[in-house]
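Asks: turn this into a structure:
(2 chains)
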Amino acid sequence: MSERLNVSKTYKLYIGGAFPRSESGRSYTVNDAKGGFLANASRASRKDVRDAVVAARKAQPGWAARTPYNRGQILYRVAEMLQGRCGQFTDELRATGLSKSAATTEVEAAIDRWVWYAGWADKLAQVTGTANPVSGPFFNFSTPEPTGVVGIVAPDSPLLGLVSVLAPAIVTGNTTVLVASETAPLPAITLGEVLATSDLPGGVINILTGRRSELAPWLASHMDVNGLDLTGASGDLAVECEKAAAENLKRVLRPVEADQPTDWTAHPGITRMTTFLETKTVWHPVGV
Amino acid sequence: MFEYAPAPESRDIVDIKPSYGLFIDGEFADAEHSFKTVNPATEEVLAEVSEAGAADVDRAVAAARRAYDMVWSKMAGGERAKYLFRIARLIQERSRELAVLESIDNGKPIRESRDVDLPLVAAHFFYYAGWADKLEYAVADPRPLGVAGQVIPWNFPLLMLAWKIAPALACGNTVVLKPAETTPLTALAFADICRQADLPPGVVNIITGAGQTGRALVEHDGVDKVAFTGSTDVGRQIARSVAGTPKRLTLELGGKAANVVFDDAPLDQAVEGIVNGIFFNQGHVCCAGSRLLVQESIAEELLDRLKTRMATLRVGDPLDKNTDIGAINSAAQLNKIRMLSDIGEQEGATRWSPPCELPDRGFWFAPTLFTDVAQSHRIAQDEIFGPVLSVLTFRTPQEAVEKANNTPYGLSAGVWTDKGSRILWMAQRLRAGVVWANTFNKFDPASPFGGYKESGFGREGGRHGLEAYLR
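Replies: This is a model prediction of the structure:
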């Protein structure tokens, strides 16, 4: 009796809630830790970056206008879907060279990280906002608002690092365009499949795979991107991107900030959320 | 318009020296080169001021580093607090002198320097003084950054100094501050206040100079933190120059604020708010309400009242207590305002100013209003930084939001309406760091201030202002 042939998956991009191939028609080979063929991942282009930014911009006002409670529920739903695909993520992480127990630990940590961020949705404003005791007849208060569209150069940690940069950017109402790890992009696309089935509106998270050095500079110089997380960039690429980001004064999360964890299992703190928040102060008069 | 006899504030209270050195490590020392600072209302030369070169910047940063390592970072927060309280008191004691000096060097009316700038300066030091020994309640594990290089503009010389120095010192940093080249005198007077307060040498260093000096400071390797208030163009350059370095950066840049007036607004109050929004400090205000967005149904009536009110504005001697609008700060700024206003006419907008006699000498610009302005006009897009108001209209709240946000800037906005729910609805949608409802140009040390988008990042004032100077 012959063995059944597996149906293998085509890994594509995730833009605006859909899974297109790169408009450039390009792909690149992704191998496992032993050099065996895993998949042909899409090699995204500048045009794909721009399409993804358009999708993110379109989704941003609606996502920010959701109630924090609703955003928290949707993020929690993502964690539920992640849990359901535990086995698949574990397999994908093992292919990157992790042992079974290490892969399982990382998947569990990623799910827990996502749940931790989900809970922040309706609490962060109470931690970072203030009522300001001004010297005059005004009710004066400051509240955090999302920065807008955030570009993310994801680190190479294929799942825990990935969710640790993605969740804090969106939980506050930003939308994102993420450049996945170049060497281990497959969990990112599988995460896209999780997101597509989690009530997350299309365009809130857009995921590109391909050459980091090709895509990151386009993201950094895009004038409709408001924030840039360079966690996955290093050396000259990071400097080039930070310089390009100055053109429209993007808020930049640098790769080498002393207070940023490189150990993805460490407690994340709130900097990853607050970097992509604006503080709005409103003066409201008091009188009869 | 009533005729008023001149009521000039006495200049006797200030003693301007013929020349000033740099204030480094607690001592004044002359630099190799110098430049002149003039009174913009008379064009008289006030003093020769040292121009710090690269070697001077080195010395200042080294002094700040020594003071940080040896003294300031080791001092108990409560002791730092007392120095800052002491400085706040000295400012209050010398407040009239500083107000007159500010008006002479900057050109702003004494009414404003006396009643707005100086009270806010003292209040800012007083506010942050109290934080110095309470930082652990503001952020987890507060640690200072080190040496802060700070560059400030000429529109609120002493107030911007206070916004920069007070939180930096409260958090345990030491500073090298460069005031603007056209308004160095009150910063140098502040150096004297630091000496009167017995502040340890090197904790505050004041270096005077122009753009070159500022660049040498922000690009200096010994600086851990750069704080800049000024134009968006220079802010961009600074953001580029700190890329790839470990320096922390906060930027408070330009603006093109919309002041939105709905048909149910209390019109007389709104007119006062519009006037205060754009003519306060000659419009040399980054958060000035330079775009008036008025609901179409009341546009005619509002403009009539606004023009009537504008005709009562008194332009002239900054030291006269009746003056509403003082001198433009420099010839260069006057040229820029003239150029953009001329472009406004060329692009098809209608220009109006009240009959207004301007002094023969000095730099002056009459309060000006443009109607028939399209959103694409440069006077609706560019920051003019002068007493020039561009008027646009809207029909629906949605349109008002759309037009208000149609700018790369996002520093401030104003909303005028009687309806509380509409104020909050607008406040949620305006992409600006400060939203004033039924008021404008209000500032307070406890209230965070700063921009969205290309108006910069970071906040000054309030608990948020501490974050710019802590790890």
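
Asks: quick one: contacts for the nearest residue to residue B:320 once chain neighbours are set aside?
Replies: Spatial nearest neighbour of residue B:320, excluding adjacent residues (Cβ to Cβ, 6 or more residues apart in numbering or on different chains): residue B:8 at 5.2 Å. (Each C-beta comes from the backbone N, C-alpha and C, glycine too.) Residue B:8 makes contacts with B:317, B:319-321, as judged by Cβ atoms under 8 Å, 6 or more residues apart in numbering or on different chains.

Asks: tell me the buried residues within those.
Replies: Buried members of the contacts of residue B:8, scored by 16 or more other Cβ atoms under 10 Å in any protein chain shown, are B:317, B:319-320.

Asks: format the residues you listed as TSV; extra columns: secondary structure, distance to residue B:160 and pLDDT.
Replies: As requested, these are arranged in TSV below (DSSP: H, G, I helix; E, B strand; the rest coil; distance: Cβ to Cβ, whole Å; pLDDT from 0 to 100):
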residue	secondary structure	distance to residue B:160	pLDDT
B:317	coil	24	97
B:319	coil	22	98
B:320	strand	25	97
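
Asks: returning to what we had before: so which of the contacts of residue B:8 is the closest to chain A?
Replies: The closest of the contacts of residue B:8 to chain A turns out to be residue B:321 (Cβ to the nearest Cβ; 22.8 Å).

Asks: show me what contacts the residue most central in space within chain B?
Replies: Nearest to the mean C-alpha position of chain B, by Cα atoms, centre = their mean, lies residue B:156 at 4.2 Å. Residue B:156 is in contact with B:117, B:281, counting by Cβ under 8 Å, 6+ apart.

Asks: please tell me how far it sits from chain A.
Replies: Distance, residue B:156 to chain A, by Cβ to the nearest Cβ, to the nearest Å: 18 Å.

Asks: what's the neighbour count on residue A:4?
Replies: Neighbourhood size, residue A:4 [other Cβ atoms under 10 Å in any protein chain shown]: 6.

Asks: cool, and the one 10 residues further on?
Replies: Other residues near residue A:14 come to 28 when the count uses other Cβ under 10 Å.

Asks: tell me which residues touch it, please.
Replies: Residue A:14 sits in contact with A:189, A:192, A:195-196, A:205-207, where contact means Cβ under 8 Å, 6+ apart.

Asks: redo that, cut-off 6 Å
Replies: A:192, A:207 (Cβ atoms under 6 Å, 6 or more residues apart in numbering or on different chains).

Asks: quick one: secondary structure of residue B:36?
Replies: strand (DSSP: H, G, I helix; E, B strand; the rest coil).

Asks: ok, and the closest non-adjacent residue to it?
Replies: For residue B:36, the closest residue by Cβ to Cβ, 6+ apart turns out to be residue B:45, at 4.9 Å.

Asks: how much space is there between that neighbour and residue B:35?
Replies: The gap separating residue B:45 from residue B:35 is 10 Å, by Cβ to Cβ, to the nearest Å.

Asks: same deal with residue B:282?
Replies: 23 Å.

Asks: tell me which of the two has more neighbours.
Replies: residue B:282 (32 against 16).

Asks: now the closest residue to chain A within the stretch 301-450 of chain B: which helix or strand?
Replies: Closest residue of the stretch 301-450 of chain B to chain A, Cβ to the nearest Cβ: residue B:444 (3.9 Å). Secondary structure from DSSP states H and E places residue B:444 outside every helix and strand.

Asks: my guess is it contacts residue A:132, does it?
Replies: No. The criterion here is Cβ atoms under 6 Å, and residue B:444 misses it with residue A:132 at 7.1 Å.

Asks: chain B contacts on the stretch 101-250 of chain A?
Replies: By Cβ under 6 Å from any Cβ of the partner chain, the residues of the stretch 101-250 of chain A that approach chain B are A:130, A:132-135, A:140, A:142, A:239, A:242-243, A:246, A:248-249.

Asks: state the distance from residue B:24 to chain A.
Replies: Residue B:24 is 29 Å from chain A, by Cβ to the nearest Cβ.

Asks: before we move on, what about residue B:3?
Replies: Taking Cβ to the nearest Cβ, one finds residue B:3 at 33 Å from chain A.

Asks: tell me the SS of that residue?
Replies: coil.

Asks: burial count for it?
Replies: Going by other Cβ under 10 Å, the residues that sit close to residue B:3 add up to 4.

Asks: show me what contacts residue A:231?
Replies: Per Cβ under 6 Å, 6+ apart, neighbours of residue A:231: A:155, A:165, A:255.

Asks: what do you get if the cut-off is 8 Å, keeping everything else the same?
Replies: Applying Cβ under 8 Å, 6+ apart, we find residue A:231 in contact with A:152-155, A:161, A:165, A:253, A:255, A:260.

Asks: wait, residue B:179 touches residue B:206, no?
Replies: Yes. Using Cβ atoms under 8 Å, residue B:179 makes contact with residue B:206 at a distance of 6.9 Å.

Asks: the strands in the stretch 101-250 of chain A, which residues?
Replies: Per DSSP state E, counting those that start in this stretch, the stretch 101-250 of chain A carries strands over the ranges A:130-131, A:138-146, A:149-153, A:175-179, A:205-208, A:227-229.

Asks: can I get the ones you listed in CSV including mean pLDDT and mean neighbour count?
Replies: Output for these, formatted as CSV (pLDDT from 0 to 100; neighbours: other Cβ atoms under 10 Å in any protein chain shown):
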stretch, mean pLDDT, mean neighbour count
strand A:130-131, 98, 14
strand A:138-146, 98, 20
strand A:149-153, 98, 29
strand A:175-179, 98, 27
strand A:205-208, 98, 29
strand A:227-229, 98, 27
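
Asks: turn those strands into TSV, including distance to residue B:437.
Replies: Formatted as TSV, these follow (distance: least, Cβ to Cβ, whole Å):
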stretch	distance to residue B:437
strand A:130-131	15
strand A:138-146	9
strand A:149-153	28
strand A:175-179	29
strand A:205-208	35
strand A:227-229	28
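
Asks: these: which one's closest to residue B:128?
Replies: With Cβ to Cβ as the criterion, residue B:128 lies closest to strand A:130-131 of those, at 15.1 Å.

Asks: given that closest one, what are its sheet partners and their directions?
Replies: strand A:138-146 (antiparallel) (DSSP bridges).

Asks: ranges for the helices of the stretch 1-150 of chain A?
Replies: With helices called from DSSP state H, counting those that start in this stretch, the stretch 1-150 of chain A shows them at A:46-65, A:68-84, A:86-95, A:100-120, A:124-128.

Asks: what's the fourth one packed up against?
Replies: Just to be clear, that refers to helix A:100-120. Applying 3 or more Cβ pairs under 8 Å, 6 or more residues apart in numbering or on different chains; DSSP states H and E, one finds that helix A:100-120 makes contact with helix A:68-84, helix A:86-95, helix A:160-171.

Asks: for it, give me every contacting residue.
Replies: By Cβ under 8 Å, 6+ apart, helix A:100-120 touches A:72-73, A:75-76, A:78-79, A:82-83, A:86, A:89-91, A:93-94, A:98, A:159-160, A:162-164, A:167-168, A:171-172, A:264-265, A:268, A:270, A:273.

Asks: I'd like to know which of those are buried.
Replies: Buried, going by 16+ other Cβ under 10 Å: A:72-73, A:75-76, A:78-79, A:82, A:89-91, A:93-94, A:98, A:159-160, A:162-164, A:167-168, A:171-172, A:264, A:268, A:273, out of those.

Asks: fine, thanks again, bye for now.
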